[in-house]
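**Q** Show me the folded form of this:
(2 chains)
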Amino acid sequence: MILSINKVTKQYAAHKALDDVSIEVPKGSVFGLLGPNGAGKTSLIRIINQITAPDSGTIHLNGHKLHPDDISRIGYLPEERGLYKKMEVGEQAIYLARLKGLSRPEAITKLKYWFEKFELKGWWKKKIEELSKGMQQKIQFIITVLHDPELLILDEPFTGFDPINANLIKDELLRLNSEGSSIILSTHRMESVEELCSHIALINKSKKVLDGEVKEIRKKFRSHTYEIEYSGNAISFANSLWAGYELIDSGQHGELNKARVRMLNSTSTNELLNALLPNVEVHSFTEVIPGMSDIFISVVSESNDAGMEVGHE
Amino acid sequence: MSKVSLIIQREYLTRVRKKSFIIMTILGPILMATLFVAPAMLADYNGNDIQRIRVIDESGLFNGKLAGNEKLVYEMDTMSLPVAKETFDPARHDAILYIPGNVINNTGSILLFTSKQPNINLVSAIEKTIQKEIENMKLQTRGIDRAMLDEIKTRVDINTRLLTDEGETDTSAELSTIVGMICGVLIYMFIFLYGAQVMRGVIEEKTSRIVEVIISSVRPFQLMMGKIVGIALVGLTQFILWIVLTLTISSIASQIFFDKEVIQQQMQQRTTAMGTELPQNNSEDSQTEVVSQGAIKVFSSMSSINFPLIIGAFIFFFLGGYLLYGALFAAIGAAVDGESDTQQFMLPITIPLILSFVIAQSVIQNPDSQLAFWFSIIPFTSPVVMMVRLPFGVPVLDMVLSAVLLIGGFIFTTWIAGRIYRTGILMYGKKVSWGELGKWLFYKG
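**A** Numbering: from 1, shown residues only, chains lettered A, B, ... in the order given. Reported below is the predicted structural model:
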C-alpha cells in the first residue's frame, strides 16, 4: 500500500467533514476518489497533504506514519489552483520546485525537460498573466510532477484543458503511472474514471460508502441485463419472453432491432437465447456492464435514502 | 536553504525589484523635503494679490497712521458709511473698514464689509494694526514713550542643563520634541504602509489561488512569517536607502553650493543687517532672531540626546510594532475574499494605531504623565508613544517593561493571526463574521 488512511475523522465547528473514513490506496494504482460536491474529498486530500490535521485517525505513507518531510514525496494539484500573476514563469516554477525541496540547478534541468515536452520553451521569461488559461494549467501540472513524487494527488486535473491538452495530460499521467508513481484522482468526470482508474473509493456525506477495484465493483453492480441486436418482428420478440424476463426497452438500430432484457431469475443466458431463437434472428448478444456514472448515482442516492431513514428514527 | 528563507527571499526580491519601490526610494526624500518646504512657500505665495481697503474713520484718530505694506493698502476716505456702502465696488476695493467715533472706548464696534468671505489673515492683519495704534494712543495719553516700552520688554530663554552622574549636559526640549515626533511619525507610517502591504500580499495569494499549492510544501505559519519578515526587510532597506540618499544629497549639495565659511559669513551679515538696518520693524525681526537662536541652541544640545539609544530603540520598536500589527494585517488578508471586504476588520486595528498617534501629541507636552506612562507600556500603542517619550529620558524600568510587553504582544498577535490565517486562506467565497474568526482560533491544525 502506498497510502493507508485509517479511521480518519475531521470536525469543523458544526459540520463533520469526515466520519471514520478508512481507505487503502495500492502501490502503483490509479485511484479514483469520488463523491458529490461537499462530500469531504477535499478535506481528506488536505489531510493527506498535511495542510490540516485530522481530529482522530492515522495516515501511513509507504508503511510509515505520515511525516512533515513526506511532502517532498507527494505531488499535489489542488482544485483551487493558481500562480503569482506578476511573476515570471521560469522564476516562479523554480521557486515552487525549491519549496518542494529541489535545488536550483536540479529544478532548472527538470524544468527545461518539461518545458520542451509541453512546448513552453518561449515562455520562460513571460509573466504568468500573459499566458492563456490552458498554458497556466500546463505549468501548474509540471510543477506538480517536477519533483518525481511517489504519490500524485490530482483534484479535477482536466478542468481548464481543451480535449487535445486533456489527452496530453492523460498520457503523461499514464506514463508516470507506468514508471511507478501512484496516482489519486479526484474528479467528477466518470468517463475518465473508467478510462484511468484501477481502484476507487466513493465518499458521500463524509462517510466512505464504497471502495475497491473498478473491475470488481462494476461486476458486482451487474444486473443481469443483456443487449440483443436482432432482425425480425419486434412483437414476436416480446412475445417470446416469458415471466422470467423483463424487457427494459427496445428500438431500431439501423436495419436491426435492439432490445435490453433483464433476467429476473438466475437462469442461464442459453435459456434466454433458446427462447428467442425460434422467433427472431439474433445478431449480437452482450452483457450490459454498468458504467461508473450509474454506479455513482445509485450508490449515492441509496446512501442518501439510508441516511434519511436514520434521520427519521 | 530553509523554506522560510526561500519565502523571505521571494517576498523581498519581488518587491525590491518593482519599479514603484525604486521610484519611491528616489522620490521619498524629495517628497519629505517638499512636505516641509511647501507649506512655507505656500504661505509666502498666499497673499500675492494686493488688498485695497477703504477706510471710513469717524474718529479721525487714524489719519495717516494705518501703515499698510506691499500687500495691503489702506485708503482713507471721508465719505459717510451709507454712501460708502452704496458705492462699494468689489473691483476697486476688497473691503470697507468702518471705524466709529467712540472706538477708543468701544473697540468692539469696528466693522469690516466685504463682498465675499474675508480671509482670516486679512482680518487679523487689520486687527493687529489697529490694536497697535490704539495702544500707542493710550500710551501717549498716559505719557509713556513707545520706544521706552520696547526697551523695557524682556525676553527670557532658559537654558536647560541635565545634571546626571556623568556630569552636566545641555538639553533642549525643542530638540527632544523634534526627534521624538519624527521617530513616532516614522513608526506610525511604517506600520500602516507595510502592514497594508502584508495584507495585500496575503489577499493576492488567496485570490490567485496559489496559496494551496504553496502550503502543500510549507506550513501556513511559515508562509505568513516569511511574508511578514520579507516585507519588514523591504521597509528597512527603503529607510536605509532614504537615509543614505538624504545624507549624500545634502552633503554633496552643501559642498557644491556653500562652503562652511560662506555660511558663517552669511549668517554674520544677516545678524548685523538685522541689528542695524531694520531697527524700526522690531517685532517681526525678533521672531526670526528667536528662531535662529533656537536653532543654535538645538544644535548645541545635540549631544544631550543619547543617539545610540534612540536609534537602537527606534529599530526595536519599529520592528516590534510592525510585527505586532503585521501579523494582524495578515490575518485580515486571510479572512477576507478581496480587498473590498477588509473594511470591517481594518477598523479595530487602525483605531489603536491612530489613538497612539493622537496621544503622542499630548505626550510631547508632558512626557512624564500617567497617560504617557501607560500608553508607552501597552503593546498596541507603545511603539509610537514610547518613541515620542524616549528623547526626554525614560526610566530604564519603563523601557524594559515596555519592551517585554511588546515582545509578548507580538507573540500573542502572531499566534492569533497564525490560527486565523491557516483556516482563512482556504476559505473561498464566504463572508466571515467576527464570531467565525473566534471559532477558527480553536480548530485543530
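
**Q** switch to C-alpha atoms for all contacts and neighbour counts from now on
**A** Noted.

**Q** So what's the gap between stretch A:84-101 and the chain middle?
**A** Here stretch A:84-101 is found 29 Å from its chain centre; the criterion is Cα atoms, centre = their mean, to the nearest Å.

**Q** hmm, that stretch in reach of chain B?
**A** Yes - applying Cα under 8 Å from any Cα of the partner chain, one finds stretch A:84-101 in contact with chain B at A:84, A:85, A:87, A:95, A:96, A:98, A:99, A:100.

**Q** Please enumerate the strands of chain A.
**A** For chain A, the strands defined by DSSP state E cover A:3-12, A:15-25, A:30-34, A:56-61, A:64-65, A:74-77, A:151-155, A:182-186, A:199-204, A:207-213, A:225-231, A:245-253, A:256-263, A:281-287.

**Q** And these, which one averages the lowest pLDDT?
**A** Mean pLDDT values for these show the minimum at strand A:245-253, a mean of 83.

**Q** Direction included, what does that one pair up with?
**A** In the sheet containing strand A:245-253, its partner strands are strand A:256-263 (antiparallel), by DSSP bridges.

**Q** relative to strand A:225-231, how tilted is the strand it pairs with?
**A** Orientation check (axes from the mean of the first three to the mean of the last three Cα atoms, to 10 degrees): strand A:256-263 against strand A:225-231 gives 150 degrees.

**Q** Need the residues that contact strand A:256-263.
**A** Under the contact criterion Cα atoms under 8 Å, 6 or more residues apart in numbering or on different chains, strand A:256-263 has outside partners A:223-232, A:234, A:244-252.

**Q** Can you pull out the low-pLDDT segments for the stretch 251-400 of chain B?
**A** B:253-305 (pLDDT under 70).

**Q** Can you report how many residues lie near the residue in the stretch 1-150 of chain A that chain B sits nearest to?
**A** Relative to chain B, the nearest point of the stretch 1-150 of chain A is residue A:82 (4.4 Å; Cα to the nearest Cα). Counted with other Cα atoms under 10 Å in any protein chain shown, the neighbours of residue A:82 add up to 23.

**Q** same thing with residue A:302?
**A** The burial count for residue A:302: 13, using other Cα under 10 Å.

**Q** What of residue B:78?
**A** 12.

**Q** Residue A:83 now?
**A** Other residues within reach of residue A:83, judged by other Cα under 10 Å, total 25.

**Q** what does residue A:218 give?
**A** The burial count for residue A:218: 18, using other Cα under 10 Å.

**Q** Not including adjacent chain positions, what is the nearest residue to it?
**A** Nearest residue to residue A:218, sequence neighbours excluded (Cα to Cα, 6 or more residues apart in numbering or on different chains): residue A:290, at 6.1 Å.

**Q** Could you dump the strands of chain A into a markdown table with distance to residue B:330 and mean neighbour count added?
**A** Formatted as a markdown table, the strands of chain A follow (distance: least, Cα to Cα, whole Å; neighbours: other Cα atoms under 10 Å in any protein chain shown):
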| stretch | distance to residue B:330 | mean neighbour count |
| --- | --- | --- |
| strand A:3-12 | 22 | 19 |
| strand A:15-25 | 26 | 18 |
| strand A:30-34 | 34 | 26 |
| strand A:56-61 | 30 | 18 |
| strand A:64-65 | 32 | 12 |
| strand A:74-77 | 25 | 26 |
| strand A:151-155 | 27 | 24 |
| strand A:182-186 | 31 | 25 |
| strand A:199-204 | 35 | 24 |
| strand A:207-213 | 35 | 19 |
| strand A:225-231 | 60 | 20 |
| strand A:245-253 | 61 | 14 |
| strand A:256-263 | 62 | 19 |
| strand A:281-287 | 60 | 14 |
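
**Q** Let's have the ones you listed in TSV, adding distance to residue B:407.
**A** As requested, the strands of chain A are exported to TSV (distance: least, Cα to Cα, whole Å):
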stretch	distance to residue B:407
strand A:3-12	32
strand A:15-25	37
strand A:30-34	46
strand A:56-61	35
strand A:64-65	36
strand A:74-77	37
strand A:151-155	41
strand A:182-186	45
strand A:199-204	47
strand A:207-213	45
strand A:225-231	73
strand A:245-253	76
strand A:256-263	76
strand A:281-287	73
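
**Q** The residue in the stretch 251-400 of chain B that chain A sits nearest to: what secondary structure?
**A** Nearest residue of the stretch 251-400 of chain B to chain A, counting by Cα to the nearest Cα: residue B:337, 13.7 Å away. Secondary structure for residue B:337, judged by DSSP: H, G, I helix; E, B strand; the rest coil, is coil.

**Q** I'd guessed it sits against residue B:207; true?
**A** Yes - at 7.0 Å, residue B:337 and residue B:207 qualify as touching, with contact defined as Cα atoms under 8 Å.

**Q** near chain B, which residues of the stretch 51-200 of chain A show up?
**A** That would be A:51-55, A:71-72, A:76-78, A:80-85, A:87, A:95-96, A:98-100, which are the residues of the stretch 51-200 of chain A within reach of chain B (Cα under 8 Å from any Cα).

**Q** Show me the residues you listed that map onto helices.
**A** Members of those lying in helices (criterion: DSSP state H): A:95, A:96, A:98, A:99.

**Q** export those residues to TSV and tack on neighbour count and distance to residue B:149?
**A** TSV is the format used below for these (neighbours: other Cα atoms under 10 Å in any protein chain shown; distance: Cα to Cα, whole Å):
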residue	neighbour count	distance to residue B:149
A:95	22	79
A:96	22	81
A:98	21	82
A:99	23	81
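
**Q** Show me which of the residues you listed is closest to residue B:181.
**A** Closest approach to residue B:181 among these (Cα to Cα): residue A:95, at 41.7 Å.

**Q** Report the contact partners of the residue nearest to residue A:218.
**A** A:218, A:221, A:222 are the contacts of residue A:290 under Cα under 8 Å, 6+ apart.

**Q** I figured the first one hits residue A:291, correct?
**A** What that stands for is residue A:218. Yes - counting by Cα under 8 Å, residue A:291 is a contact partner of residue A:218 at 7.2 Å.

**Q** quick one: furthest residue from the center of chain A?
**A** Ranking residues of chain A by C-alpha distance from their mean position (Cα atoms, centre = their mean) puts residue A:278 at the top, at 44.5 Å.

**Q** Show me which positions of stretch B:54-70 end up buried.
**A** Neighbour counts using 16 or more other Cα atoms under 10 Å in any protein chain shown place B:54, B:55, B:56, B:57, B:58, B:61, B:62, B:66, B:68 of stretch B:54-70 among the buried residues.

**Q** and those residues as CSV, adding pLDDT and secondary structure?
**A** Formatted as CSV, the buried residues of stretch B:54-70 follow (pLDDT from 0 to 100; DSSP: H, G, I helix; E, B strand; the rest coil):
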residue, pLDDT, secondary structure
B:54, 87, strand
B:55, 88, strand
B:56, 87, strand
B:57, 85, strand
B:58, 84, coil
B:61, 80, coil
B:62, 81, coil
B:66, 80, coil
B:68, 78, coil
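
**Q** My guess is residue B:50 contacts residue B:71. True?
**A** Yes - the pair residue B:50 / residue B:71 is scored as a contact, 4.4 Å apart, by Cα under 8 Å.

**Q** In contact with residue A:272: list those residues for me.
**A** By Cα under 8 Å, 6+ apart, the contact list for residue A:272 reads residue A:241.

**Q** where does it sit relative to residue A:261, distance-wise?
**A** 9 Å (Cα to Cα, to the nearest Å).

**Q** and the gap between the residue nearest to residue A:218 and chain B?
**A** Noted for residue A:290: a distance of 36 Å to chain B, by Cα to the nearest Cα, to the nearest Å.

**Q** now the stretch 1-150 of chain B, which segments are flagged as low pLDDT?
**A** Residues of the stretch 1-150 of chain B meeting the criterion pLDDT under 70: B:1, B:32-33, B:35-48.
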